[in-house]
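>>> here is my input; please provide its structure:
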Amino acid sequence: MNASTTARAADTAADTAAVTAVLDRLTAAWNAGDGAAYGAEFTADATYITYVGTLYVGGTEIGSAHQALFESFLKDTRLASEIVGIRFTGPDTALVVTRGDVHKGRPGKLGKIQTYTLVRRAGGDWKIAAFQNTKHKALMEAISFKAQPATKPAA
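Here you go, the predicted structure:
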(Lines give C-alpha, C1' and ligand atoms only; values in the text may rest on other atoms or scores of the structure.)
Protein backbone atom coordinates (compact mmCIF):
# COMPACT_ATOMS: atom_id res chain seq x y z
CA MET A 1 0.00 0.00 0.00
CA ASN A 2 1.51 3.37 -0.97
CA ALA A 3 1.37 6.56 1.13
CA SER A 4 -1.48 8.05 -0.91
CA THR A 5 -3.63 4.93 -0.49
CA THR A 6 -2.87 4.83 3.23
CA ALA A 7 -3.82 8.51 3.63
CA ARG A 8 -7.12 7.99 1.74
CA ALA A 9 -7.97 4.99 3.92
CA ALA A 10 -7.26 7.03 7.08
CA ASP A 11 -9.40 9.91 5.75
CA THR A 12 -12.24 7.51 4.96
CA ALA A 13 -12.03 5.93 8.42
CA ALA A 14 -12.09 9.36 10.08
CA ASP A 15 -15.01 10.51 7.91
CA THR A 16 -16.91 7.28 8.62
CA ALA A 17 -16.42 7.85 12.35
CA ALA A 18 -17.56 11.48 12.03
CA VAL A 19 -20.68 10.53 10.05
CA THR A 20 -21.50 7.76 12.52
CA ALA A 21 -21.10 10.26 15.38
CA VAL A 22 -23.77 12.51 13.79
CA LEU A 23 -26.22 9.59 13.74
CA ASP A 24 -25.28 8.69 17.32
CA ARG A 25 -25.99 12.28 18.45
CA LEU A 26 -29.29 12.21 16.54
CA THR A 27 -30.32 9.03 18.37
CA ALA A 28 -29.24 10.45 21.74
CA ALA A 29 -31.28 13.61 21.12
CA TRP A 30 -34.36 11.52 20.20
CA ASN A 31 -33.93 9.32 23.26
CA ALA A 32 -33.65 12.43 25.47
CA GLY A 33 -36.76 13.96 23.88
CA ASP A 34 -34.67 16.99 22.89
CA GLY A 35 -36.05 18.48 19.69
CA ALA A 36 -33.52 21.33 19.58
CA ALA A 37 -30.58 18.91 19.78
CA TYR A 38 -32.27 16.69 17.18
CA GLY A 39 -32.71 19.60 14.77
CA ALA A 40 -29.13 20.78 15.38
CA GLU A 41 -27.82 17.73 13.50
CA PHE A 42 -29.40 19.06 10.26
CA THR A 43 -28.33 21.86 7.94
CA ALA A 44 -30.31 25.12 7.92
CA ASP A 45 -31.89 24.10 4.59
CA ALA A 46 -32.18 20.33 5.17
CA THR A 47 -35.14 18.38 3.83
CA TYR A 48 -36.78 15.79 6.06
CA ILE A 49 -39.47 13.47 4.68
CA THR A 50 -41.37 11.29 7.15
CA TYR A 51 -42.73 7.86 6.29
CA VAL A 52 -46.24 9.37 6.00
CA GLY A 53 -44.94 11.92 3.47
CA THR A 54 -44.67 15.05 5.62
CA LEU A 55 -41.92 17.40 4.43
CA TYR A 56 -40.02 19.57 6.91
CA VAL A 57 -37.39 22.06 5.75
CA GLY A 58 -34.46 23.23 7.86
CA GLY A 59 -32.98 22.11 11.13
CA THR A 60 -35.05 24.60 13.12
CA GLU A 61 -38.37 23.35 11.72
CA ILE A 62 -37.28 19.72 12.05
CA GLY A 63 -36.31 20.31 15.67
CA SER A 64 -39.47 22.18 16.67
CA ALA A 65 -41.75 19.66 14.97
CA HIS A 66 -39.97 16.83 16.77
CA GLN A 67 -40.19 18.64 20.09
CA ALA A 68 -43.97 18.79 19.64
CA LEU A 69 -43.95 15.06 18.84
CA PHE A 70 -41.70 14.27 21.82
CA GLU A 71 -44.18 16.07 24.05
CA SER A 72 -47.14 14.11 22.67
CA PHE A 73 -47.43 10.70 21.05
CA LEU A 74 -43.66 10.12 20.81
CA LYS A 75 -43.15 10.88 24.52
CA ASP A 76 -40.68 8.47 26.15
CA THR A 77 -39.94 6.66 22.88
CA ARG A 78 -36.51 5.46 21.85
CA LEU A 79 -34.96 5.36 18.43
CA ALA A 80 -33.40 2.07 17.34
CA SER A 81 -31.37 1.82 14.16
CA GLU A 82 -28.59 -0.03 12.42
CA ILE A 83 -26.43 1.21 9.61
CA VAL A 84 -26.81 -0.81 6.43
CA GLY A 85 -24.12 1.10 4.58
CA ILE A 86 -22.15 4.33 4.26
CA ARG A 87 -21.01 5.46 0.84
CA PHE A 88 -18.93 8.57 0.16
CA THR A 89 -19.91 10.06 -3.19
CA GLY A 90 -17.31 12.82 -2.95
CA PRO A 91 -14.92 14.27 -0.39
CA ASP A 92 -17.71 16.19 1.35
CA THR A 93 -20.82 14.04 0.79
CA ALA A 94 -21.94 10.78 2.36
CA LEU A 95 -25.01 8.64 1.72
CA VAL A 96 -26.09 6.49 4.63
CA VAL A 97 -28.80 3.81 4.56
CA THR A 98 -30.18 2.56 7.87
CA ARG A 99 -32.92 0.31 9.15
CA GLY A 100 -34.72 1.69 12.16
CA ASP A 101 -37.86 2.19 14.16
CA VAL A 102 -39.26 3.87 17.23
CA HIS A 103 -40.21 1.89 20.32
CA LYS A 104 -41.17 2.03 23.96
CA GLY A 105 -39.59 -0.64 26.12
CA ARG A 106 -37.74 -3.30 24.16
CA PRO A 107 -37.01 -2.64 20.49
CA GLY A 108 -38.95 -4.70 17.99
CA LYS A 109 -38.41 -5.31 14.31
CA LEU A 110 -36.73 -2.45 12.48
CA GLY A 111 -39.56 -1.80 10.06
CA LYS A 112 -38.40 1.38 8.34
CA ILE A 113 -35.60 2.12 5.91
CA GLN A 114 -33.96 5.54 5.97
CA THR A 115 -31.65 7.37 3.62
CA TYR A 116 -29.50 10.19 4.97
CA THR A 117 -27.42 12.56 2.86
CA LEU A 118 -24.71 14.19 4.94
CA VAL A 119 -22.44 17.05 3.91
CA ARG A 120 -19.20 18.31 5.35
CA ARG A 121 -19.51 22.01 6.06
CA ALA A 122 -16.78 24.64 5.68
CA GLY A 123 -15.64 24.18 9.31
CA GLY A 124 -15.16 20.45 8.75
CA ASP A 125 -18.19 19.20 10.71
CA TRP A 126 -20.77 16.90 9.14
CA LYS A 127 -24.51 17.67 9.11
CA ILE A 128 -27.56 15.97 7.61
CA ALA A 129 -28.75 17.76 4.45
CA ALA A 130 -31.55 15.34 3.53
CA PHE A 131 -33.48 12.51 5.16
CA GLN A 132 -36.07 10.11 3.71
CA ASN A 133 -37.94 7.59 5.87
CA THR A 134 -39.89 4.74 4.28
CA LYS A 135 -42.08 2.19 6.06
CA HIS A 136 -41.19 -1.31 4.88
CA LYS A 137 -44.32 -3.07 3.64
CA ALA A 138 -43.24 -6.70 3.56
CA LEU A 139 -46.58 -8.09 2.31
CA MET A 140 -46.76 -5.66 -0.61
CA GLU A 141 -43.11 -6.36 -1.39
CA ALA A 142 -43.71 -10.14 -1.40
CA ILE A 143 -46.71 -9.76 -3.73
CA SER A 144 -44.65 -7.59 -6.06
CA PHE A 145 -41.77 -10.07 -6.14
CA LYS A 146 -44.17 -12.97 -6.75
CA ALA A 147 -45.86 -11.12 -9.62
CA GLN A 148 -42.54 -10.03 -11.13
CA PRO A 149 -39.56 -12.00 -9.75
CA ALA A 150 -37.09 -9.96 -11.81
CA THR A 151 -37.79 -6.98 -9.51
CA LYS A 152 -36.37 -8.69 -6.42
CA PRO A 153 -33.07 -7.05 -5.40
CA ALA A 154 -29.96 -9.12 -4.80
CA ALA A 155 -29.41 -7.72 -1.29
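>>> following the longest helix seen in the chain, which helix or strand comes up?
As assigned by DSSP state H, the longest helix anywhere in the chain is helix 3-32. With elements assigned by DSSP states H and E, the helix or strand that comes after helix 3-32 is helix 35-39.
>>> name the element residue 84 belongs to?
Per DSSP H and E, residue 84 falls inside strand 78-90.
>>> ok, and what's touching that strand?
Strand 78-90 is contacted by residues 12, 15-16, 19-20, 23, 26-27, 30-31, 94-104, 107, 110, 113-114 when judged by Cβ atoms under 8 Å, 6 or more residues apart in numbering. For glycine as for every other residue, the C-beta is placed from the backbone atoms N, C-alpha and C.
>>> residues in contact with the residue nearest to residue 94 when sequence neighbours are not counted?
Spatial nearest neighbour of residue 94, excluding adjacent residues (Cβ to Cβ, 6 or more residues apart in numbering): residue 118 at 4.5 Å. By Cβ under 8 Å, 6+ apart, the contact list for residue 118 reads 19, 22, 93, 94, 95, 96, 126, 127, 128, 129.
>>> list the beta-bridge partners for residue 118.
Beta-bridge partners of residue 118, counted by DSSP bridges, are residue 94, residue 128.
>>> what distance do you get for it to residue 44?
Per Cβ to Cβ, to the nearest Å, residue 118 is found 14 Å from residue 44.
>>> next one: residue 31
Distance of residue 31 to residue 44, given as Cβ to Cβ: 24 Å.
>>> those two: which is more packed in?
Taking other Cβ atoms under 10 Å, residue 31 and residue 44 do not tie; residue 31 has more neighbours (15 against 12).
>>> how close does the residue lying closest to the more buried one once chain neighbours are set aside get to residue 52?
Excluding its sequence neighbours, the residue lying closest to residue 31 (Cβ to Cβ, 6+ apart) is residue 78, at 5.1 Å. Here residue 78 is placed at a distance of 20 Å from residue 52 (Cβ to Cβ).
>>> and those two? Which one has more around it.
residue 78 (16 against 7).
>>> who's that one bridged to?
The residues that residue 78 bridges to, once DSSP bridges is applied, are residue 103.
>>> let me know the pLDDT of it.
Looking at residue 78, its pLDDT reads 95.
>>> distance of it relative to residue 108?
Residue 78 sits 11 Å away from residue 108, going by Cβ to Cβ.
>>> swap in residue 155?
To residue 108, residue 155 is 22 Å away according to Cβ to Cβ.
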